[in-house]
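Trainee: Predicted coordinates and the sequence they were generated for:
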Amino acid sequence: MTTELICYCFGYSAEDIENDVLDNGRSTIFARIMNEKKAGGCHCADKNPKGR
């Protein structure tokens, strides 16, 4: 089974995010993505094959 990526910059899938919430009670992955985005380190719009 292939899991579709949600975040192309860091390679996170929906399953990764769901497991993160189950393990931590919240999404630490989402927090990391938001911090990287604020710092200019997120390029999902360019890396996502579906476009912007």
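Mentor: Nice, I can see it. Numbering: from 1, shown residues only.
Trainee: Would you mind checking the average pLDDT for the helix or strand harbouring residue 6?
Mentor: Assigned by DSSP states H and E, residue 6 falls within strand 5-7. Average pLDDT, strand 5-7: 85.
Trainee: List the contacts of the helix or strand following it.
Mentor: Next helix or strand after strand 5-7 toward the C-terminus (DSSP H and E): strand 12-13. Counting by Cβ atoms under 8 Å, 6 or more residues apart in numbering, strand 12-13 makes contact with 3-6, 29, 33, all of which sit outside it. C-beta coordinates here come from the backbone N, C-alpha and C atoms, glycine included.
Trainee: Residue 24 - how many residues pack around it?
Mentor: Neighbouring residues of residue 24 were enumerated by other Cβ atoms under 10 Å; the total is 11.
Trainee: Among the contacts of strand 12-13, which one sits closest to residue 16?
Mentor: Residue 16 has its nearest neighbour among the contacts of strand 12-13 in residue 29, at 6.4 Å by Cβ to Cβ.
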